[in-house]
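> give me a 3D structure for the following:
(2 chains)
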Amino acid sequence: GEQVEQLPSILRVQEGSSASINCTYENSASNYFPWYKQEPGENPKLIIDIRSNMERKQTQGLIVLLDKKAKRFSLHITDTQPGDSAMYFCAKKGRALIFGTGTTVSVSP
Amino acid sequence: EAGVTQSPRYAVLQEGQAVSFWCDPISGHDTLYWYQQPRDQGPQLLVYFRDEAVIDNSQLPSDRFSAVRPKGTNSTLKIQSAKQGDTATYLCASSYRGNNQAPLFGEGTRLSVL
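The predicted model follows:
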């Protein structure tokens, strides 16, 4: 089936620094790219998304970039806080929503 | 507005037992997804419906898993004879095709097969 590769799988950063997660995909028919944050024991929650007619979107300390030619998109968390520690998933939607493999982000004080 | 509702929240089975999971999507959402999420992994699509029709069930282990959405609203996912490898959280999500927004997830059912 369709795949989304997500790297890194683990990301440890100091509070106040930035964290970046990268995803690549295969099927160019995808037109919508959401990002989810999942805390232990909870369901994935949408934090930001970008559509295929955009290259950049920013909201509340989060930036997403989309390079359709390279079939690559990324999430950048600026000024990380301990509350940003969680699992993050990229996803792409063409016909169905397909998830990346996940990144565990750990922010230390 | 009520979110996606799933039940039960937890299930513990012995191998070989059967179990059913139930999902009530957000009212008006025509698309419903079932995902399997093993511990520390990403959600993996099992099946999804548009209204009552199965759109893609290619990742559903058809010998033991089945899913229905007979009236295009609630859905049931059933495991006929559970295996230890089925231990995971089963997530239901729903969305509305017309606005092409991200599906919203229920709280999930945590299944442990002993």
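> is stretch B:8-17 positioned near chain A?
No. Applying Cβ under 8 Å from any Cβ of the partner chain, one finds stretch B:8-17 separated from chain A by no less than 10.5 Å. For the C-beta atoms, the positions are set from N, CA and C on the backbone; glycine is no exception.
> residues contacting the residue nearest the centre of chain A?
Of all residues in chain A, the one closest to the mean position by Cα atoms, centre = their mean is A:C90, 4.0 Å from it. With contact taken as Cβ atoms under 8 Å, 6 or more residues apart in numbering or on different chains, A:C90 is in contact with A:4, A:6, A:21, A:23, A:33-35, A:73, A:75, A:99-100.
> show me where chain B has helices.
Counting by DSSP state H, chain B forms no helices at all.
> I'd like the next helix or strand past the helix or strand of chain A with the lowest mean pLDDT.
Lowest mean confidence among the helices and strands of chain A (mean pLDDT, DSSP states H and E): strand A:97-99, at a mean of 91. On the C-terminal side of strand A:97-99, the closest following helix or strand by DSSP states H and E is strand A:103-108.
> buried set for that following strand?
Judged by neighbour count (16 or more other Cβ atoms under 10 Å in any protein chain shown), strand A:103-108 contains these buried residues: A:103, A:105, A:107.
> distance of the second one from A:M54?
With distances taken as Cβ to Cβ, to the nearest Å, A:V105 is found 24 Å from A:M54.
> ditto for A:I21
A:I21 sits at a distance of 18 Å from A:M54 (criterion: Cβ to Cβ).
> neighbour count winner among these two?
Taking other Cβ atoms under 10 Å in any protein chain shown, A:I21 and A:M54 do not tie; A:I21 has more neighbours (23 against 13).
> looking at it, that one is touching A:M87, isn't it?
No. Contact criterion Cβ atoms under 8 Å: A:I21 and A:M87 do not qualify, at 10.7 Å.
> shared neighbours of these two, anything?
A:103, A:105.
> what does chain B put close to chain A?
Near chain A, when you scan chain B using Cβ under 8 Å from any Cβ, you find B:33, B:35, B:40-45, B:48, B:55-56, B:58-59, B:91, B:93, B:95, B:100-108.
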